[in-house]
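J.: Any chance you could fold what I've pasted below:
(chains A and B)
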Amino acid sequence: MLQSPIRTPLIEGSKTYRSITSDILSPMMNKAGKFWYLGMTISSLAMLFGVFMIFWTVWQGIGTWGENRTVGWAFEITTFVWWIGIGHAGTFISAILLLFRQKWRNSINRSAEAMTIFAVICAALFPLIHLGRPLLTFFIFPYPNTRGLWVNFNSPLVWDVFAISTYFTISLVFWYVGLIPDIGTLRDKIKKGLKKNIYNFLSFGWKGSARDWHRHEITSIMLAAIATPLVLSVHSIVSMDFASSIVPGWHTTIFPPYFVAGAIFSGFAMVQTLLIITRKAMGLEDFITASHIENMNKILIATGSIVGLAYITEMFMAWYSGVEYEHYAFMNRATGPYWWAYMIMIGCNVVSSQLLWIKKLRKSLAFTFFLSIVINIGMWFERFVIIVTSLHRDYLTSSWTMYKPTIVEFGLLIGTLGIFFTAFLLFIRIFPVISISEVKSILKIGDKHQHKSDPGHE
Amino acid sequence: MNNRSYISISFDDEVPLLEAVKKLRDNKEKIADVLSPFPVHGLDEALSIKRSRIPIVGFIFGALGAILAFGFQAWVFTVSYPLIIGGKPFFSVPTFVPITFEVTVLFAGLSMVAALLIRSHLKPEIKFTPVDERITDDRFVILVDTPDEEINLKRITSILTGINTVEIR
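T.: Numbering: from 1, shown residues only, chains lettered A, B, ... in the order given. As a prediction, the model looks like this:
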């Protein structure tokens, strides 16, 4: 295949196969540093706080939240949608970029997939807590029961159950299949002891045979092919939780694509936050290079612009439809009592992401890190704006009211952040954060000395 | 490894590995297996490995999932417990689509992974002895099937002269 002479290497520094292995495995072979323990302490304290608030909610009932008769959905579903959205970037990187043969993704897909799994775990907690009686969760699955009743398959909330459980299962399996060869590497690097036995067990006896690799590659690409429509379906279905209702501000057909773009936007912001810290803390700058960060910034511009376009389209359609309820819902959103939330949403998502057109800012790690946190906040507010401003003033003016979150609800958000970061910190110590075998397969890209004599090169 | 005997040829790069595979096959040597730290491009063709049928497994189970999911929802809403919900028809095909799709993906995905594990004999086990501990690091190994090691060792060494090998044994 013809290769462009200007193609730059995807991995920096002069690496060999051996040094890739030892660089990526070093966190698993060595003791954790001070910062890891510091991070672990903070995140597990946050997790404990959240666990206590979950306990408090279940013990006291959801009266401990700020929801009222008019605003029956607010903080928790906002956080739920936010987490699900964050998960989407991981699948985008691991599946969609694989199908498009974007090889730079090979050094970030493992951590992004891990992020997906932990984000979906955090998200899945909320429907459980929302039920008020978590012990009755099994009611939402269609199982044969003495009442002869089934769940309502017409309801997007039931679709959600199927979508999220499928999404979680497929993401987990996809991630683990990719991990097997790397766990094999770990197993062979560790000389003896319990650790060796555990990795031995987890490696499923991987030996690196050509036939196994062939099947492994085919399975990965097929999983990517089915995960691609899956990830688009998940957030579409989440958006239908709203769109299929008759609440002005929710009842729009633009929701599925708009939510999917927003999900990928917020997810990439979270990937940026995590990777900028991880690459620095673990010394993986040669693998997760500045150009990875820049590439992801380009995706942020694209998805951020789609999100901005969706905001404008919604506004336009509210006016163009001529429906006065729609009209009021959107005017109230922008200029009503929650105008500040709307401004945060526009400022953090649309305005800030447009700054990335400037090359200097796009290439700056410090700016990207700052921006990624801004976008994370902005995307949380987007869901808050959509959910709360639509509900708090709907058709019946006598029930108009305001919503104020309580400490318990903030506790749940902080708690899931704690769960997320605790899980991620454990992950970076237990499994390779970068896919070793996939990085080795792209080592020679852009390497002038190699590719002339390399018949097997793409 | 079972009782058969092998000659293992090690390399530290995929380029000589591919050359050696071609030469050995030209000389009608039986290559039992090639072990590598990552999927080497061009190796499938060099070994003429047939395209795996895992996608077919995925298709069959995906289709099964689709039929099951759609059939189940249709049965529930028309036979088992027809219930009027928002005045919609009992047999409302569009609302069955999302769950049908999700179950299709779930069945297809899990079946393909199961097929991978079964076909490649991958299962959790406590004891595992690799051919060479560096295969998962930076070694590429060709295992040649051989009835008589001594004679073959010489022959293979002569076939592979000029190729950069690390070890032949």
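J.: all contacts plus neighbour counts: C-alpha atoms, from now on.
T.: Will do.
J.: can you tell me which helix in chain B is longest?
T.: Scanning chain B for the helix with the most residues, using DSSP state H, yields helix B:93-119.
J.: so what pLDDT did the residue in the stretch 301-450 of chain A that chain B sits nearest to get?
T.: At 4.8 Å from chain B, A:Ser437 is the closest residue in the stretch 301-450 of chain A, using CA to the nearest CA. In this model, A:Ser437 is scored at 84, pLDDT.
J.: picking that back up, for the longest helix of chain B, buried residues please.
T.: Within helix B:93-119, the residues scored as buried using 16 or more other CA atoms under 10 Å in any protein chain shown are B:96-117.
J.: elements contacting it?
T.: Helix B:93-119 makes packing contacts with helix A:156-189, helix A:210-243, helix B:54-75 when contacts are defined by 3 or more CA pairs under 8 Å, 6 or more residues apart in numbering or on different chains; DSSP states H and E.
J.: Of those helices, which is nearest A:Ala423?
T.: Nearest to A:Ala423 among those is helix A:156-189; the distance by CA to CA comes to 14.0 Å.
J.: Give me the buried positions along that closest one.
T.: A:156-189.
J.: Likewise for stretch A:343-363?
T.: Burial within stretch A:343-363, assessed by neighbour count using 16+ other CA under 10 Å, is assigned to A:343-346, A:348-350, A:352-354, A:356, A:361-363.
J.: For B:Leu83, which residues are in contact?
T.: B:Phe77, B:Phe90 (CA atoms under 8 Å, 6 or more residues apart in numbering or on different chains).
J.: Look up phi and psi at it.
T.: Main-chain dihedrals, B:Leu83, degrees, to the nearest 10: phi -140, psi 130.
J.: what do you get for B:Val144?
T.: In terms of degrees, to the nearest 10, the main-chain angles of B:Val144 are phi -110, psi 130.
J.: and what of B:Ile31?
T.: With angles defined as degrees, to the nearest 10, B:Ile31 sits at phi -90, psi 120.
J.: how close does it sit to A:Tyr167?
T.: Using CA to CA, to the nearest Å, B:Ile31 is found at 41 Å from A:Tyr167.
J.: Tell me the pLDDT of A:Pro5.
T.: A:Pro5 carries a pLDDT score of 54 in this model.
J.: Just give me the residue closest to the centre of chain B.
T.: Chain B has B:Leu116 as the residue nearest its centroid, 5.3 Å off, counting by CA atoms, centre = their mean.
J.: State the distance from that one to A:Ile198.
T.: 22 Å.
J.: would TSV of the buried residues of stretch A:343-363 with distance to chain B be doable?
T.: Converted to TSV, the buried residues of stretch A:343-363 look like this (distance: CA to the nearest CA, whole Å):
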residue	distance to chain B
A:Met343	35
A:Ile344	34
A:Met345	30
A:Ile346	32
A:Cys348	33
A:Asn349	30
A:Val350	31
A:Ser352	35
A:Ser353	33
A:Gln354	35
A:Leu356	36
A:Leu361	36
A:Arg362	33
A:Lys363	31
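J.: Could you provide these in TSV, with additional columns for secondary structure and distance to A:Leu371?
T.: Output for those, formatted as TSV (DSSP: H, G, I helix; E, B strand; the rest coil; distance: CA to CA, whole Å):
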residue	secondary structure	distance to A:Leu371
A:Met343	helix	16
A:Ile344	helix	13
A:Met345	helix	13
A:Ile346	helix	14
A:Cys348	helix	8
A:Asn349	helix	10
A:Val350	helix	12
A:Ser352	helix	7
A:Ser353	helix	8
A:Gln354	helix	11
A:Leu356	helix	9
A:Leu361	helix	10
A:Arg362	helix	10
A:Lys363	helix	12
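J.: pLDDT for the residues you listed - can I get that in TSV?
T.: Shown next, in TSV, are the buried residues of stretch A:343-363 (pLDDT from 0 to 100):
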residue	pLDDT
A:Met343	92
A:Ile344	93
A:Met345	92
A:Ile346	92
A:Cys348	90
A:Asn349	90
A:Val350	90
A:Ser352	91
A:Ser353	90
A:Gln354	91
A:Leu356	89
A:Leu361	88
A:Arg362	88
A:Lys363	87
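J.: Looking at those residues, which is nearest A:Asn30?
T.: Once CA to CA is applied, the member of those that ends up nearest A:Asn30 is A:Lys363, at 31.7 Å.
J.: so that closest one touches A:Glu294, yeah?
T.: Yes: between A:Lys363 and A:Glu294 there is a contact under CA atoms under 8 Å: 5.7 Å.
J.: Can you give the domain ranges for chain B?
T.: B:6-37+B:135-168, B:54-119 (automatic domain parsing).
J.: Now render those as JSON lines, adding mean pLDDT.
T.: Below are those laid out as JSON lines (pLDDT from 0 to 100):
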{"stretch": "domain B:6-37+B:135-168", "mean pLDDT": "80"}
{"stretch": "domain B:54-119", "mean pLDDT": "91"}
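J.: between these, which gets nearest to A:Val81?
T.: domain B:54-119 (18.3 Å).
J.: Distance of A:Trp213 relative to chain B?
T.: Separation of A:Trp213 from chain B (CA to the nearest CA, to the nearest Å): 6 Å.
J.: Next, the contact list for that residue, please.
T.: Contacts of A:Trp213 (CA under 8 Å, 6+ apart): B:Phe38, B:Pro39.
J.: Could you report the separation of it from B:Ala115?
T.: The value you get for A:Trp213 to B:Ala115, if CA to CA is used, is 14 Å.
J.: which ones are touching the residue of the stretch 301-450 of chain A closest to chain B?
T.: Contacts of A:Ser437 by CA under 8 Å, 6+ apart are A:Pro181, A:Asp182, B:Pro37, B:Phe38, B:Pro39.
J.: please redo it, this time with the cut-off set to 6 Å
T.: Going by CA atoms under 6 Å, 6 or more residues apart in numbering or on different chains, A:Ser437 touches B:Phe38.
J.: Assign a three-state SS to A:Asn152, would you?
T.: Counting by DSSP: H, G, I helix; E, B strand; the rest coil, the backbone at A:Asn152 sits in coil.
J.: number of nearby residues for it?
T.: 17 (other CA atoms under 10 Å in any protein chain shown).
J.: Tell me how far it lies from B:Gly71.
T.: With distances taken as CA to CA, A:Asn152 is found 15 Å from B:Gly71.
J.: again with A:Thr137
T.: With distances taken as CA to CA, A:Thr137 is found 24 Å from B:Gly71.
J.: Local confidence estimate at A:Ile445?
T.: Reading off the model, A:Ile445 has pLDDT 69.
J.: try A:Asp454
T.: So, for A:Asp454, pLDDT stands at 44.
J.: same deal with A:Met40?
T.: A:Met40 is given a pLDDT of 91.
J.: and what of the one 10 residues further on?
T.: Among the per-residue scores, A:Gly50 holds a pLDDT of 92.
J.: what's the answer for the one 5 residues further on, then?
T.: The predicted local distance difference test score for A:Phe55 is 90.
J.: List the buried residues of the helix or strand containing A:Ala269.
T.: Using DSSP states H and E, A:Ala269 sits within helix A:255-281. Within helix A:255-281, the residues that qualify as buried are A:255-276, A:278-279, counting by 16+ other CA under 10 Å.
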